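Trainee: when you get a sec, could you give me coordinates for this:
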Amino acid sequence: MNDITTSDVVLQALEAVFNDGMDVALLSAGDLGAAWGPTDSGATCGLASGTACDPLVGAVATASLAGMTIVLPAGKDGGSGSNTINTPGDYASAITVGSTTKVHILASTLTTATGDRLQARLGDGPQPSGPVSVPLYSVSSIDATEHGCLGYPAGALSGKIALIAVGQCAFAIKVLNAQAAGAAAVVSFNPSDGAGLFPPTGLSDIAIPSALVSYASGAFLKTYLAAHPGAVVTLDPGTAEAIPATADTVSSFSSRGPNDLYSASRYIGVDGTSFAAALAAGGAALVRQADPGYSSGQIKSALTHTAASGITDFDANGDPFRARSIAVGGGKLNVGSAVASTLTMVPATVSFLAVNSMMLADGVLATRSVVITNTGSTSATLQLTVQQRDPDGKASVSVNPATLPLTAGQSASVTLTLSGQPLPGIYEGRIAIAGGAVPVQIP
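Mentor: All right, here's what the predicted structure looks like:
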């Protein structure tokens with residue numbers, strides 16, 4: 001089975017599901033290095049007026065406008081910081097999904113001859129069909145760096161599991177070097193105690209299995225080998241629930257899941273926004289089932305505006321803070337509330353973009369409009385409140401009207417206004433709306 005595809009194949013597939021009359025489509029594809037932005041079209045790239053420069057964006061836009069809801073992963077590049085949403089996920093009408101952690105993690109095991117069981121995450125290379133029992137060998141004996149980036153003498157690791165430190169070069173280089181020296185498998189260990197366990201990636205073209213263990217497990221194994229040189233260990237691909245992790249934090253790993261999801265035990269732990277997007281697509285289908293008349297924009301609203309807050313992110317020093325909208329969008333998917341909600345807001349998010357000196361001179365910087373629809377069977381009186389996360393005494397956001405009565409099926413616009421002269425910085429907040437079947441909020 002191919003582990004990659006091309007844009008022309010994706011376009012054909014998207015057209016096929018549209019022609020088949022699908023209501024919701026999951027498109028687990030994206031590119032950070034796209035040459036064109038989501039709104040670039042026509043003369044910008046030498047095409048006819050109205051033609052999108054990026055064919056994938058054009059296809060997603062056409063399908064969305066025609067009523068098909070499209071769900072996309074945010075991408076795998078969060079470790080590079082802001083402005084890393086992949087295209088076509090940066091197209092405004094798509095539902096773009098990020099990833100958060102959960103408490104339950106499945107891990108394989110590495111067991112010593114004395115019965116010590118250590119948690120290990122297998123990489124996306126070959127998966128062992130059963131337990132592998134061979135001697136464990138610390139490469140520190142032949143590589144002072146322990147990183148395995150420069151290679152080893154021929155046959156130095158013959159028939160052994162190589163114990164290698166993470167860092168300095170890609171997993172693929174480490175494992176290829178170990179494979180060239182005859183290793184049967186590779187076990188890498190984290191460089192610090194705070195680093196989480198994740199499946200090593202980029203290993204689909206390598207012939208031997210590999211796994212990652214924690215920093216503490218790596219230190220234990222080196223001590224164990226010092227007392228038991230040449231000791232046999234067993235790498236077992238069977239999975240069990242690992243020690244509970246911290247839930248509801250923004251995932252820092254690459255969104256690209258394993259290229260091969262085979263596991264001899266029929267269970268495997270995977271990570272990535274491509275998998276998160278599949279869950280959100282299921283949520284979109286349930287909303288469409290509950291409200292067949294919803295547009296794709298209303299389905300996006302139902303998912304976005306009922307999402308739960310409380311997600312944690314980490315700064316450059318590893319300190320936790322409440323995650324910003326640029327990292328988590330609306331928040332954590334809450335399908336029950338999305339189906340129960342009787343309010344939709346289009347567009348799903350509001351941004352005043354970058355503010356420049358010319359806008360400051362006007363006093364009133366910008367206004368944005370949002371159309372709110374009461375999709376319930378009874379009248380509702382809505383209360384709208386601005387919740388400004390980053391206060392600034394020189395600027396503020398207001399919403400008008402703050403009280404909005406809507407009969408069943410009625411739609412009306414509210415206006416958000418940014419006034420004053422804000423200091424340099426990044427600002428965000430939410431518009432909380434009470435009075436519907438469930439509380440909703442616009443990020």
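Trainee: what stretches of the stretch 1-150 of the chain score poorly on pLDDT?
Mentor: Within the stretch 1-150 of the chain, the stretches with pLDDT under 70 are 1-4, 32-34, 76-82, 101, 103-104.
Trainee: can you give me the strands in it?
Mentor: For the stretch 1-150 of the chain, the strands defined by DSSP state E, counting those that start in this stretch cover 24-26, 69-73, 95-97, 106-112, 117-122, 132-138.
Trainee: now these as JSON lines including distance to His147?
Mentor: Just so you know, the C-beta spots here come from the backbone N, C-alpha and C atoms, and that holds for glycine as well. JSON lines is the format used below for these (distance: least, Cβ to Cβ, whole Å):
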{"stretch": "strand 24-26", "distance to His147": "38"}
{"stretch": "strand 69-73", "distance to His147": "31"}
{"stretch": "strand 95-97", "distance to His147": "34"}
{"stretch": "strand 106-112", "distance to His147": "20"}
{"stretch": "strand 117-122", "distance to His147": "19"}
{"stretch": "strand 132-138", "distance to His147": "12"}
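Trainee: pop the domain breakdown of this protein in here.
Mentor: Domain assignment for the chain by automatic domain parsing gives 1-99+272-341, 106-268, 343-443.
Trainee: possible to save these as JSON lines with mean neighbour count?
Mentor: Shown next, in JSON lines, are the domains of the chain (neighbours: other Cβ atoms under 10 Å):
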{"stretch": "domain 1-99+272-341", "mean neighbour count": "18"}
{"stretch": "domain 106-268", "mean neighbour count": "18"}
{"stretch": "domain 343-443", "mean neighbour count": "15"}
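Trainee: among the strands of the stretch 1-150 of the chain, which comes closest to Ser396?
Mentor: strand 95-97 (28.7 Å; Cβ to Cβ).
Trainee: can you give me the helices for the stretch 301-443 of the chain?
Mentor: Secondary structure of the stretch 301-443 of the chain (DSSP state H, counting those that start in this stretch): helices at 325-328, 335-340, 357-360.
Trainee: helices or strands up against the longest one?
Mentor: Using 3 or more Cβ pairs under 8 Å, 6 or more residues apart in numbering; DSSP states H and E, the elements in contact with helix 335-340 are helix 273-290, helix 296-305.
Trainee: mind listing what Ser64 touches?
Mentor: Ile70, Tyr91, Ser93, Ala94, Ser296 (Cβ atoms under 8 Å, 6 or more residues apart in numbering).
Trainee: next one: the fourth one relative to Val57, how far apart?
Mentor: Plainly put, Ala94 is 9 Å away from Val57 if you go by Cβ to Cβ, to the nearest Å.
Trainee: overlap in contacts, these two.
Mentor: Residues touching both Ala94 and Val57 (Cβ under 8 Å, 6+ apart): Pro88.
Trainee: that older thread, wait, which of the helices and strands packed on helix 335-340 is closest to Ala61?
Mentor: Nearest of the helices and strands packed on helix 335-340 (Cβ to Cβ): helix 296-305, 10.8 Å.
Trainee: show me what the closest one is packed against.
Mentor: The contact analysis (3+ Cβ pairs under 8 Å, 6+ apart) places helix 296-305 against strand 69-73, strand 95-97, helix 273-290, helix 335-340, strand 343-346, strand 440-442.
Trainee: of all the ones you listed, which one is nearest Thr306?
Mentor: helix 335-340 (3.8 Å).
Trainee: if we can go back for a sec, out of the helices of the stretch 301-443 of the chain, flag the one nearest Ala120.
Mentor: helix 325-328 (28.8 Å).
Trainee: quick check: mean pLDDT across that closest one?
Mentor: On average, the pLDDT along helix 325-328 is 80.
Trainee: can you check stretch 212-221 too?
Mentor: Averaging pLDDT along stretch 212-221 gives 91.
Trainee: could I get the helices and strands packed on helix 335-340 as CSV with distance to Lys160 and mean pLDDT?
Mentor: Formatted as CSV, these follow (distance: least, Cβ to Cβ, whole Å; pLDDT from 0 to 100):
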stretch, distance to Lys160, mean pLDDT
helix 273-290, 34, 88
helix 296-305, 49, 93
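Trainee: next, format the ones you listed as JSON lines and append distance to Leu382.
Mentor: JSON lines is the format used below for the helices and strands packed on helix 335-340 (distance: least, Cβ to Cβ, whole Å):
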{"stretch": "helix 273-290", "distance to Leu382": "20"}
{"stretch": "helix 296-305", "distance to Leu382": "12"}
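Trainee: so which of those helices is nearest Tyr224?
Mentor: Of the helices and strands packed on helix 335-340, nearest to Tyr224 by Cβ to Cβ is helix 273-290, at 34.6 Å.
Trainee: alpha carbons of the closest one, as CSV, please.
Mentor: Once non-C-alpha atoms are left out, helix 273-290 reads as follows in CSV (Å, rounded to 0.1, in the frame of the first residue of the first chain):
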residue,chain,number,x,y,z
THR,A,273,-3.9,15.8,13.6
SER,A,274,-4.8,13.5,10.7
PHE,A,275,-6.3,11.1,13.2
ALA,A,276,-7.9,14.0,15.1
ALA,A,277,-9.4,15.2,11.9
ALA,A,278,-11.1,11.9,11.4
LEU,A,279,-12.8,12.2,14.8
ALA,A,280,-14.0,15.7,13.9
ALA,A,281,-15.3,14.5,10.6
GLY,A,282,-17.4,12.0,12.5
GLY,A,283,-18.7,14.8,14.7
ALA,A,284,-19.6,16.8,11.5
ALA,A,285,-21.5,13.8,10.2
LEU,A,286,-23.5,13.5,13.4
VAL,A,287,-24.4,17.3,13.3
ARG,A,288,-25.5,16.9,9.7
GLN,A,289,-27.6,13.9,10.6
ALA,A,290,-29.3,15.9,13.4
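Trainee: and it with strand 69-73, angle?
Mentor: For helix 273-290 against strand 69-73, the angle by axes from the mean of the first three to the mean of the last three Cα atoms, to 10 degrees is 160 degrees.
Trainee: what segments of the stretch 301-443 of the chain are strands?
Mentor: Using DSSP E, counting those that start in this stretch, strands in the stretch 301-443 of the chain cover 312-314, 320-322, 343-346, 364-374, 380-388, 395-400, 403-406, 411-420, 429-434, 440-442.
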